[in-house]
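>>> below are the sequence and a predicted model; questions follow.
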Amino acid sequence: MDALPQDGPLFSFYGDDFTGSTDALEALARSGVNSVLFLHPPNDGERRQFAGYRGIGIAGDTRSRTPNQMRETLPAVFETLRRIGAPVVQYKVCSTFDSSPEAGSIGCALEVGRSVFDTRCVPVVAAAPMLRRYVAFGNLFAADGDDTFRIDRHPTMSCHPVTPMGEADLRRHLGKQTSCSVGLMDIVGLHAADAQERLSRTSSQAVLFDGLTEDDQVRAAQLIWNATHAPQVFAVGSSGFTYGMLSYWRNQGWLPPPRPSPPATASDRMLAMAGSCAPATCRQICWALRNGFTGIRLNPAYPLDDTIVGQALTVLESGQSVVVYSALGPGDCLEGTDREGLASAMGRLLRAIAVRSGVRRVLVAGGDTSSHAVSQTGIDALSFLAPLAPGAPLCRAHGGELDGLELVLKGGQVGCETFLVDVLRGEIE
């Protein structure tokens, strides 16, 4: 493909959950591309409010949906992105690639996107080295603390409550979700002198790219960009793909150097809502409780208990911060919980507490929790404010009663032990 257009959208994406969507928003914004993340497919009026923005994202919840539900939703969303006309369109997935034939099928999304964008071969870039997620010879590895695990042995992702990862070979993993053939550009082939020719010769309907370093991501982006002759690239990938493509464009002189991101400032108080059972979130809640936060335990069977709102308001009105949580770690999760119903109820609690208290900074922990909770708040869109932890930026809300709210959406396993306190204080991890 040729150089970038001088105006109009450059990069668009659909995120399969809200936390992953803010991850991609951060990648674009920190790379110097002014961007907006819509929380639903935007109408013409909403698009006009953000005229001139060159990164356009749509946050979704397909990570928790069945293939039939995805086939009902994705064609219209992809058609919207096709009409927006950015030269790159990404189906943004988590770098842990958690999905299954029954829920959040990445293979299903690949098939729908391949049809809408009339693409012969879909590139799949799962690795995100900046998040310590790596793909080597087709196998996915992810860090937890100081250690790195094959994804099917990862302490969190191997026992995820909805989409546990029982297979590290991503070609085999995708093979259970799609009839499309999946090839591999392994780490050796990626840097071979004839890599471009190898990619052009492939007969596979999708190609998975290895990635261990940020340079590998840039190399993958170069091959993908140069192999595509249709008006738009359609790719499936993590934020590693996003960063890689933007870095490649910058290396070509098509993007200016990014400006330093403004630092986050401290907030006087904060509301945190946690629906994640991940060990990392458990550690963060416990640290916050030892360092000035008040905890309110939610009963997942009765999440809309009116006393929760009253207790949270009392804490916030005293000038203190509060964390409302449903579990402390994987051993504390209740079997049979209606997770979508719980998350939606937490979103209604969030809205009620935030509106009545006037709190200006809110954190939501959990990928599926964020998707279903934030959809209940009346917010239309998000823009990037400042970095905090990789993949969990501070964002500004646009629209509705919570316009101007500062919001952080984090995956369950994202962030160090002190993260909730760091968000309150505006400190970068």
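Cool, the structure landed.
>>> how about the strands in the stretch 1-150 of the chain?
Per DSSP state E, counting those that start in this stretch, the stretch 1-150 of the chain carries strands over the ranges 11-15, 35-38, 55-59, 88-92, 122-125, 133-136, 139-144, 147-150.
>>> then the second one to PDB, C-alphas only?
Read it as strand 35-38. Taking C-alpha atoms only, strand 35-38 is exported to PDB below (Å, rounded to 0.1, in the frame of the first residue of the first chain):
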ATOM      1  CA  SER A  35      -8.700   9.500  18.900                       C
ATOM      2  CA  VAL A  36     -12.100   8.800  20.300                       C
ATOM      3  CA  LEU A  37     -13.700   5.600  21.600                       C
ATOM      4  CA  PHE A  38     -17.500   5.400  21.100                       C
END
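>>> packing partners of it?
helix 18-30, strand 55-59, strand 381-389 (3 or more C-beta pairs under 8 Å, 6 or more residues apart in numbering; DSSP states H and E). (Glycine included, C-beta is placed from N, CA and C.)
>>> tell me how many other residues crowd residue 332.
Around residue 332 there are 12 other residues, counting by other C-beta atoms under 10 Å.
>>> need phi/psi at the residue nearest to it when sequence neighbours are not counted.
Of all residues not flanking residue 332 in the chain, residue 277 sits nearest, at 6.9 Å (C-beta to C-beta, 6 or more residues apart in numbering). Dihedral pair for residue 277: phi -100, psi 10, per degrees, to the nearest 10.
>>> what's around residue 277, how many residues?
By other C-beta under 10 Å, the residues close to residue 277 number 26.
>>> if we can go back for a sec, for the helices and strands packed on strand 35-38, which one sits closest to residue 107?
Nearest of the helices and strands packed on strand 35-38 to residue 107, taken as C-beta to C-beta: helix 18-30 at 17.2 Å.
>>> now that closest one: average pLDDT?
Mean pLDDT, helix 18-30: 93.
>>> that one to strand 381-389, inter-axis angle?
Relative orientation of helix 18-30 versus strand 381-389 (axes from the mean of the first three to the mean of the last three C-alpha atoms, to 10 degrees): 80 degrees.
>>> pretty sure residue 9 sits against residue 85.
Yes: contact criterion C-beta atoms under 8 Å: residue 9 and residue 85 qualify, at 6.1 Å.
>>> out of those two, which sits in the busier spot?
residue 9 (21 against 14).
>>> what's near enough to touch that one?
53-56, 84-86 (C-beta atoms under 8 Å, 6 or more residues apart in numbering).
>>> the residues you listed, buried ones only, as a PyMOL selection?
A single PyMOL command selects the buried members of the contacts of residue 9 (16 or more other C-beta atoms under 10 Å):
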select buried, resi 53+54+55+56+84+86
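>>> nearest to residue 319, of the strands of the stretch 1-150 of the chain?
When the strands of the stretch 1-150 of the chain are compared by C-beta to C-beta, strand 35-38 sits nearest residue 319, at 31.0 Å.
>>> what's the burial count for residue 291?
12.
>>> repeat for residue 418
16.
>>> confidence score at the nearest residue to it once chain neighbours are set aside?
Once flanking residues are discounted, residue 418 sits nearest to residue 287: 5.6 Å by C-beta to C-beta, 6+ apart. The score at residue 287 is 97. That number is its pLDDT.
>>> so residue 287 sits against residue 415, correct?
No: counting by C-beta under 8 Å, residue 287 sits too far from residue 415 to count as a contact (10.4 Å).
>>> compare those two (neighbour count), which wins?
Set residue 287 next to residue 415 and count neighbours by other C-beta under 10 Å: residue 415 wins out with 25 against 17.
>>> so that one makes contact with residue 409?
No: applying C-beta under 8 Å, one finds residue 415 not in contact with residue 409, separated by 11.5 Å.
>>> just to revisit the earlier point, for the residue nearest to residue 332, give me its contacts.
Contacts were defined as C-beta under 8 Å, 6+ apart; by that measure residue 277 touches 161, 327, 329-330, 332-333, 412.
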